[in-house]
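K.L.:
just a sequence and a predicted model for now, questions to come.
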Amino acid sequence: MRRVGGMAAAVLVAVFGGSSLAGAVQATPSAAEPSPPVPRSEPGDPDDAEEPIGPSPGAPTLSLAAAVDAALTANFGLLASADGVQASKFNESSTLADFYPKLTPRYQRSEDDSSFLLDASQRLPWTGGSVTASGALRSSPSSQVGPTRASDLSVVLTQPLLRGFGPNATHFALRNSRRARQAQERTYELARQRLAVQVTSAFYDVIQQRQLLSVAGQSLRRSEDLMRASEARLQVGLVSKLDVYRAELQASQAREAMVRSQANLESAQERFRSLLGLSPIDPVEPEAAELPDETGRDVEPLEVLLDRAFASRLELRETHDQVEDARRTASLARQNLLPQLDLNVGFTKAGFGPTFSDAFNAADARFNVFVTTSYPLERSSERANQALARLELDARVRTLRQRRIDIEAEVRAAVRELDRIRKSVDLQRKAVDIARQQRRLATLRYQRGLGSNFDVVDAEGSLVLARSALVGLLTSYQVARVELLRVTGVLDVAREFS
């Protein structure tokens with residue numbers, strides 16, 4: 001018996017190491033003896049030392065600010081949105097050209113005569129009127145009285161009095177093109193903000209997976225140590241085969257967690273590169289980043305954040321402008337039901353002579369003032385347009401109300417999520433500390449022969465879950481903080497990620 005006891009002690013000392021643990025094995029306390037105090041885990045303890053996993057050796061790395069800047073430059077979705085802004089500017093320039101003077105020179109020549117003609121037109125801003133002018137110089141071959149020259153000049157001012165009168169009708173197409181350009185610019189800015197949040201989420205997702213891989217690696221090392229200790233105890237008859245099976249299962253699960261964490265890390269890196277417009281096999285990775293221990297101060301009062309969101313959210317501004325667009329459309333649809341009544345003022349001057357100068361000087365000048373009107377009997381199309389415009393206005397007003405409700409819900413959810421994470425971090429830190437003490441106590445009791453390794457395996461699983469949950473909360477907090485800035489409408493991408 002003395003030989004067997006010595007062999008058991010030697011095996012356990014070789015497995016666990018350390019004189020204190022060897023003494024604990026050689027002198028097993030009785031059941032009535034009080035348990036030794038459980039030492040609290042300190043940051044310097046080898047079992048609890050964090051070994052953060054960084055980028056791959058030699059791989060180029062990007063900080064969060066550099067990653068956001070790269071995404072804003074090369075992300076394919078954002079580039080498409082930028083193209084939409086440029087297209088809307090081209091359309092606005094084309095519509096604005098309708099108010100520029102238009103000159104059309106023409107030259108005609110035949111066997112009988114030759115002519116030089118010039119047509120001009122100009123839309124009048126604000127009133128809806130237009131000015132058209134035409135001039136012509138004609139030359140005929142020689143006749144009995146000599147060569148003949150003719151000059152014509154005509155200028156007509158047309159001013160609508162009912163239908164088409166006013167700045168709304170005059171600038172309707174121009175305002176629509178400007179509003180389209182403004183909407184595209186707002187869409188582009190919103191896309192920048194969403195992309196910044198996505199890059200932040202992808203960046204910290206990689207950091208999270210690295211931390212989880214580190215946690216899984218530590219768990220695997222402890223599980224393998226437990227498996228070797230259980231096998232050593234089985235050889236000397238201190239435990240049953242069930243303890244060995246339990247330890248082997250724990251080690252197998254830890255290996256599977258390592259494989260799963262590695263696969264998740266690679267997937268997170270590929271998503272990160274995709275947002276930056278890079279190939280999935282590009283070597284670029286996020287740089288190593290430490291998760292802050294503190295989660296910041298409490299956020300501002302909810303009422304302040306809601307007022308800020310209602311005043312700053314681009315979506316709400318765009319919806320307000322869409323309501324005004326619908327009102328302009330409805331007003332124009334009502335005006336289009338009026339008859340067409342135009343006031344025309346004309347000036348003509350035509351003459352003939354042996355030279356163009358004589359023809360122009362001898363021309364007869366006339367002024368004409370007349371009114372033209374028209375009213376089609378078939379008005380179903382105009383009436384339908386008016387009804388549709390009224391329905392569109394009502395729909396836009398409802399959309400505005402719904403948008404305010406959605407924005408309020410988003411702000412409340414973001415504040416609630418940030419507050420939940422802050423509280424959960426504090427609770428999870430306590431849970432990690434408790435799980436760490438539980439594992440150390442279970443390990444110590446198992447080393448002293450006061451129980452099986454069931455408690456050790458259970459405590460190890462609890463510790464891994466607690467550490468993984470804490471890592472997830474710390475990374476989620478970084479994303480939730482940026483998301484709160486976005487939903488309140490104050491996320492300045494250039495300033496926040498400078």
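P.N.:
Arrived safely. Numbering: from 1, shown residues only.
K.L.:
from now on I want contacts and neighbour counts done on CA atoms only, so please keep to that.
P.N.:
Will do.
K.L.:
okay, helices next: where are they in the stretch 151-300 of the chain?
P.N.:
Assigned by DSSP state H, counting those that start in this stretch, the helices in the stretch 151-300 of the chain fall at 167-170, 172-235, 241-275.
K.L.:
what do you get for the stretch 351-498 of the chain?
P.N.:
Assignment of helices within the stretch 351-498 of the chain using DSSP H, counting those that start in this stretch yields the ranges 356-361, 380-447, 454-487, 493-496.
K.L.:
and of those helices, who's closest to residue 105?
P.N.:
Residue 105 lies closest to helix 356-361 among the helices of the stretch 351-498 of the chain, at 17.9 Å (Cα to Cα).
K.L.:
contacts for the closest one next, please.
P.N.:
Contacting residues not belonging to helix 356-361 are listed as 137, 149, 150, 151, 152, 350, 351, 352, 353 [Cα atoms under 8 Å, 6 or more residues apart in numbering].
K.L.:
want to throw the residues you listed into TSV with distance to residue 321 and pLDDT?
P.N.:
Compiled in TSV, the contacts of helix 356-361 are given as follows (distance: Cα to Cα, whole Å; pLDDT from 0 to 100):
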residue	distance to residue 321	pLDDT
137	51	88
149	58	83
150	55	83
151	52	85
152	49	88
350	51	85
351	55	82
352	58	79
353	60	76
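K.L.:
closest to residue 276 out of the residues you listed?
P.N.:
residue 137 (64.7 Å).
K.L.:
give the contact list for the closest one.
P.N.:
Residue 137 touches 115, 116, 117, 149, 150, 151, 152, 356, counting by Cα under 8 Å, 6+ apart.
K.L.:
can you give me the neighbour number for the closest residue to the fifth one other than its chain neighbours?
P.N.:
Right, residue 150. Nearest non-adjacent residue to residue 150, counting by Cα to Cα, 6 or more residues apart in numbering: residue 352, 4.5 Å away. The number of residues packed near residue 352 is 22, by other Cα atoms under 10 Å.
K.L.:
what's residue 352 in contact with, if anything?
P.N.:
For residue 352, the contacting residues are 148, 149, 150, 151, 358, 359, 360, 362, 363, by Cα under 8 Å, 6+ apart.
K.L.:
residue 177 now?
P.N.:
Neighbour list for residue 177: 88, 91, 92, 95 [criterion: Cα under 8 Å, 6+ apart].
K.L.:
by neighbour count, which of the contacts of residue 137 wins?
P.N.:
Within those, most neighbours by other Cα under 10 Å means residue 151, with 26 neighbours.
K.L.:
right, and that one touches residue 140 too?
P.N.:
No: the pair formed by residue 151 and residue 140 falls short of the contact definition of Cα atoms under 8 Å, at 11.7 Å.
K.L.:
so for stretch 70-85, what gets flagged as buried?
P.N.:
For stretch 70-85, the neighbour count (16 or more other Cα atoms under 10 Å) marks 70, 71, 72, 75, 76, 77, 78, 79, 81, 82, 84, 85 as buried.
K.L.:
that older thread, mind putting the helices of the stretch 151-300 of the chain in CSV, distance to residue 482 included?
P.N.:
Formatted as CSV, the helices of the stretch 151-300 of the chain follow (distance: least, Cα to Cα, whole Å):
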stretch, distance to residue 482
helix 167-170, 42
helix 172-235, 6
helix 241-275, 17
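K.L.:
out of these, which comes closest to residue 422?
P.N.:
With Cα to Cα, the closest approach to residue 422 among the helices of the stretch 151-300 of the chain belongs to helix 172-235: 16.9 Å.
K.L.:
in the protein, where is pLDDT below threshold?
P.N.:
For the chain, applying pLDDT under 70 flags the ranges 1-52, 141-147, 296-297.
K.L.:
which SS state does residue 104 fall under?
P.N.:
Under the three-state scheme (DSSP: H, G, I helix; E, B strand; the rest coil), residue 104 adopts strand.
K.L.:
count of residues packed around residue 288?
P.N.:
By the criterion of other Cα under 10 Å, residue 288 has 16 neighbours.
K.L.:
hmm, I typed the wrong one, I wanted residue 212.
P.N.:
Other residues within reach of residue 212, judged by other Cα under 10 Å, total 27.
K.L.:
distance of the closest residue to it other than its chain neighbours relative to residue 474?
P.N.:
Nearest non-adjacent residue to residue 212, counting by Cα to Cα, 6+ apart: residue 468, 6.0 Å away. Between residue 468 and residue 474 the distance, using Cα to Cα, to the nearest Å, works out to 10 Å.
K.L.:
ok, the spatially most central residue of the chain to residue 480 distance?
P.N.:
The C-alpha lying nearest the average C-alpha coordinate of the chain belongs to residue 194 (Cα atoms, centre = their mean; 1.3 Å). Residue 194 sits 13 Å away from residue 480, taking Cα to Cα as the criterion.
K.L.:
same question, residue 441
P.N.:
Noted for residue 441: a distance of 37 Å to residue 480, by Cα to Cα.
K.L.:
on that earlier part again, what's the closest of the helices of the stretch 151-300 of the chain to residue 405?
P.N.:
Nearest of the helices of the stretch 151-300 of the chain (Cα to Cα): helix 172-235, 18.7 Å.
K.L.:
before we move on, the earlier item: and the contacts of residue 177, which is closest to residue 273?
P.N.:
Closest approach between these and residue 273, by Cα to Cα: residue 88, at 30.1 Å.
K.L.:
run a quick neighbour tally on that closest one.
P.N.:
Neighbour tally, residue 88, other Cα under 10 Å: 20.
K.L.:
do the same with residue 294
P.N.:
For residue 294, the neighbour count with other Cα under 10 Å is 10.
K.L.:
return the backbone torsion pair for it.
P.N.:
Residue 294 adopts backbone torsions of phi -90, psi 150, taken as degrees, to the nearest 10.
K.L.:
ditto for residue 128
P.N.:
In terms of degrees, to the nearest 10, the main-chain angles of residue 128 are phi 90, psi 0.
K.L.:
roughly how far apart are the closest residue to residue 383 other than its chain neighbours and residue 170?
P.N.:
Counting by Cα to Cα, 6+ apart, residue 383 lies nearest to residue 337, which is 7.2 Å off, once chain neighbours are set aside. Going from residue 337 to residue 170 by Cα to Cα gives 16 Å.
K.L.:
ok, residue 241 to residue 253 distance?
P.N.:
Separation of residue 241 from residue 253 (Cα to Cα): 18 Å.
K.L.:
more crowded one of those two?
P.N.:
Set side by side, residue 241 and residue 253 show more neighbours around residue 253, with 17 against 14, by other Cα under 10 Å.
K.L.:
and the gap between the more buried one and residue 458?
P.N.:
Distance from residue 253 to residue 458, by Cα to Cα: 13 Å.
K.L.:
ok, now residue 479?
P.N.:
The spacing between residue 479 and residue 458, counted by Cα to Cα, is 32 Å.
K.L.:
same thing with residue 171?
P.N.:
To residue 458, residue 171 is 75 Å away according to Cα to Cα.
K.L.:
cool, and residue 178?
P.N.:
On the measure of Cα to Cα, residue 178 and residue 458 end up 66 Å apart.
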